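Colleague: sharing a sequence plus its predicted fold:
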Amino acid sequence: MPKPPERRPSRTVSESAHETSALMMPLDENARGHVFGGVVLAMMDKAAAVCAIRHARTSCVTVSVDRVDFREPILVGDLVHMKASVNFVGRTSMEIGIRIEAENMLLGTRRHTNSCYVTYVALDRDGKPTEVPALVLETDADKRRSDAGRERRRRRVEERADERAKLDEVSGKKAK
């Protein structure tokens, strides 16, 4: 008798969520007295990577970062908080949502400065994409974020197909 297929493991959003903070120092400063955007992007990618690796329990690589708008400057002396959670999982990929806040510790105030979505693919020991655990949605917010993530993924896949078709047209190949 054939063995039944193994059930795909699953994890909750809260099991892989990650929060981290860092104090912004003079080495993080640009010529305008604000924190370099690249410093914030690197912190964001690291926080999201921790979240993705926690979920997948294997190596993960960044494959895309959705639009990043710097809503407000982050200043030297601010404590920057990164909050990362898995929004949506496909077969081998995960969308991680990041919320970035800057805290003025002297005033005790926080400002929401950025949010974005980062997509990661899980890799096996040979560097090939590998299946990730399913995502257990426990709250209404989890469900809402997952539905929105599914829609963003649909649009990203559609945009990539359009880009490939345009490149094929330019190079004289037939679109697949």
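Modeller: That came through, no problem.

Colleague: when you work out contacts or count neighbours from here on, use the C-alpha atoms and nothing else.
Modeller: Fine.

Colleague: select the longest helix from this structure.
Modeller: As assigned by DSSP state H, the longest helix anywhere in the chain is helix 140-171.

Colleague: list the buried ones in that one?
Modeller: D142, R145, S146, G149, R150, R152, R153, A165 (16 or more other C-alpha atoms under 10 Å).

Colleague: least confident pick among those?
Modeller: Minimum pLDDT across these is recorded for A165, with 88.

Colleague: let me know the helix or strand that the residue nearest the centre of the chain is in.
Modeller: In the chain, the residue lying closest to the centroid (C-alpha atoms, centre = their mean) is V118, at 2.6 Å. Using DSSP states H and E, V118 falls within strand 109-122.

Colleague: now the lowest-mean-pLDDT helix or strand in the chain against strand 109-122, angle please.
Modeller: Ranked by mean pLDDT, DSSP states H and E, the weakest helix or strand in the chain is helix 140-171, scoring a mean of 92. Inter-element angle recorded for helix 140-171 and strand 109-122: 60 degrees (by axes from the mean of the first three to the mean of the last three C-alpha atoms, to 10 degrees).

Colleague: what is helix 140-171 packed up against?
Modeller: Counting contacts by 3 or more C-alpha pairs under 8 Å, 6 or more residues apart in numbering; DSSP states H and E, helix 140-171 is packed against strand 79-89.

Colleague: mean confidence score for the very next helix or strand once past the strand it packs on?
Modeller: Where DSSP H and E defines the elements, the next helix or strand beyond strand 79-89 is strand 93-104. The average pLDDT within strand 93-104 is 98.

Colleague: quick check: mean pLDDT of the helix or strand just after the strand holding V118?
Modeller: Following strand 109-122 in sequence order, the next helix or strand is strand 134-136 (DSSP H and E). This predicted structure assigns strand 134-136 an average pLDDT of 97.
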